[in-house]
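K.L.:
A predicted structure for the sequence below; I have some questions about it.
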Amino acid sequence: MARKATNKLLQKAKKSKSDEFYTQLCDIESELRHYKSHFKDKVVYCNCDDPTISNFFKYFASNFKELGLKKLISSCYREQEIDLFNTEETESGFFYEYTGIENVRPNSTDIIHFKGDGDFRSTESIELLKQADIVVTNPPFSLFREYVAQLIKYDKQFLIIGNINAITYKEIFKLIKENKAWLGINLGRGVSGFIVPEHYELYGTEARIDDLGNRIVSPNNCLWLTNLDTSKRHEDIELTKTYYGNESEYPKYDNYDGINVNKTQNIPLDYKGYMGVPITFLHKFNPEQFEIIKFRKGNDEKDLSINGKCPYFRILIRNKRLNEIENSQQVTLYNRNAGKSANTKSIEYQ
Ligand SMILES: C[S@@+](CC[C@H](N)C(=O)[O-])C[C@H]1O[C@@H](n2cnc3c(N)ncnc32)[C@H](O)[C@@H]1O
């Protein structure tokens, strides 16, 4: 029994570890500056954000006028401790609505308590979500799939922080493949670090305490996921290498009719077929230049392999432009031939 309880506690600690990474204002500013045009007259909801401390809330409240926001809502989750011997009432979650005239940081009389804990999946939080146009936050990583699924279900625009591994979740990859979500601007080291609570171990060479006394860790493994358009998403990846003449650098897969490309910058400009590229390709992906075909698996649904060895996770892509050129050439040829046969027929009927 005691062992079971310890396991549960450990699991909970493990889960809450990455759930307690608080986003720094500098990282929010450096991402959000690329999306300013999206926010005019919009209702923004930060649904995993205690408005008394969240830097997401601070960013939007401080830039409320500049962005032309209509309303900002920020809600705080309060985990409910289930303790049979504790007769004291546990604190409920709460939210704060900001319309540009209130105090940037709410005091106790400004906040509205939920009946429940303020879980983003609760009816009360969903009612606020329905009012919102854009959701912006760093949600609990342990609930990332569920979190994104809810945004899609309610057809919301969003800009959220997740772990780079999230790309490998089949639900998230599917959204990226279908162009329903894409990577934001900053990734990995582009997100400088997160504020962690007192009890949290400061690990890694870049761990530090900032001027305000915040404890910061830099996991360097995060990304921004969004469905808000950016100009970067329409920039082509500059291709300089060629496949023809350098075939040995691009071995074919054992279990898929495609070639392996080790680095995004080595994608050959002259290859029309399928190519397996590293997942970091997604950071540079322009859907007008390439199409995403499949993730990681060959025809046999096993990991893509070369001579029996599997390189790191690969994403299968195809150069859209080269294929469009080929398709249009085929159509011209077909039309020409069709024209010829029509002419032949008309000659025959004369
Ligand atoms: C990674 S932290 C980020 C906090 C804040 N969004 C930020 O970026 O600074 C995730 C937050 O989600 C909250 N949280 C955990 N489970 C939640 C749930 N089910 N619903 C809403 N919030 C939750 C945690 O309390 C924590 O504050």
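P.N.:
Ah, there it is.
K.L.:
which secondary structure element of the protein has the lowest mean pLDDT?
P.N.:
In the chain, no helix or strand scores lower on mean pLDDT, DSSP states H and E than helix 2-19, which sits at a mean of 50.
K.L.:
to the chain's geometric centre, what's the distance from the following helix or strand past that helix?
P.N.:
Moving toward the C-terminus from helix 2-19, the next helix or strand (DSSP states H and E) is strand 22-23. A distance of 16 Å separates the centroid of the chain from that of strand 22-23, by CA atoms, centre = their mean, to the nearest Å.
K.L.:
can you work out which other helices and strands pack against the helix or strand just after strand 22-23?
P.N.:
Per DSSP H and E, strand 22-23 leads on to helix 25-32 as the next helix or strand towards the C-terminus. Judged by 3 or more CB pairs under 8 Å, 6 or more residues apart in numbering; DSSP states H and E, the packing partners of helix 25-32 are helix 55-62, strand 182-187. All C-beta atoms are positioned from the backbone trio N, CA, C, and that covers glycine.
K.L.:
with respect to residue 157, which of those lies nearest?
P.N.:
Checking these against residue 157 by CB to CB gives strand 182-187 as the closest, at 12.4 Å.
K.L.:
what about the residue of the stretch 251-350 of the chain found nearest the ligand, how many residues close to it?
P.N.:
Residue of the stretch 251-350 of the chain nearest the ligand, by CB to the nearest ligand atom: residue 283 (21.0 Å). When counting by other CB atoms under 10 Å, one arrives at 20 neighbours for residue 283.
K.L.:
repeat that for the one 5 residues further on.
P.N.:
Per other CB under 10 Å, the neighbour tally for residue 288 reads 12.
K.L.:
residues from this protein in reach of the ligand?
P.N.:
For the chain, the residues in contact with the ligand (CB under 6 Å from any ligand atom) are 19-23, 48-49, 54-56, 77, 119-120, 137-140, 143.
K.L.:
which of those residues count as buried?
P.N.:
19, 21-23, 48-49, 54-56, 77, 119-120, 137-140, 143 (16 or more other CB atoms under 10 Å).
K.L.:
from memory residue 209 sits against residue 217, does it?
P.N.:
No - with contacts counted by CB atoms under 8 Å, residue 209 stays clear of residue 217, the gap being 10.7 Å.
K.L.:
okay, and the common contacts of those two?
P.N.:
Contact criterion CB atoms under 8 Å, 6 or more residues apart in numbering; residues shared by residue 209 and residue 217: residue 202.
K.L.:
so between the two, which is more surrounded?
P.N.:
residue 217 (18 against 10).
K.L.:
so what's that one bridging to?
P.N.:
residue 194 (DSSP bridges).
K.L.:
now the helices and strands packed on helix 25-32 in JSON lines, with distance to residue 133 and mean pLDDT?
P.N.:
Output for those, formatted as JSON lines (distance: least, CB to CB, whole Å; pLDDT from 0 to 100):
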{"stretch": "helix 55-62", "distance to residue 133": "12", "mean pLDDT": "98"}
{"stretch": "strand 182-187", "distance to residue 133": "18", "mean pLDDT": "98"}
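K.L.:
output these in CSV; the columns should cover distance to residue 248.
P.N.:
Formatted as CSV, those follow (distance: least, CB to CB, whole Å):
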stretch, distance to residue 248
helix 55-62, 49
strand 182-187, 31
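K.L.:
which one of these lies nearest to residue 128?
P.N.:
When the helices and strands packed on helix 25-32 are compared by CB to CB, helix 55-62 sits nearest residue 128, at 13.6 Å.
K.L.:
how about stretch 114-134: buried residues?
P.N.:
114, 117-120, 122, 124-125, 128-129, 132-134.
K.L.:
before we move on, what about stretch 160-180?
P.N.:
160, 161, 162, 163, 164, 166, 167, 172, 173, 175, 176, 177.
K.L.:
and for that stretch, what's in contact with it?
P.N.:
Residues contacting stretch 160-180 (CB under 8 Å, 6+ apart): 18, 23, 135-139, 141, 144-145, 147-149, 151-152, 181-183, 187-188, 191, 221-227, 279, 282, 287, 292, 295-296, 313.
K.L.:
what sits closest to the single nearest residue of the stretch 101-250 of the chain relative to the ligand if chain neighbours are left out?
P.N.:
Closest approach of the stretch 101-250 of the chain to the ligand (CB to the nearest ligand atom) occurs at residue 138, with a separation of 3.2 Å. Using CB to CB, 6 or more residues apart in numbering and skipping the chain neighbours, the partner closest in space to residue 138 is residue 161 (3.9 Å).
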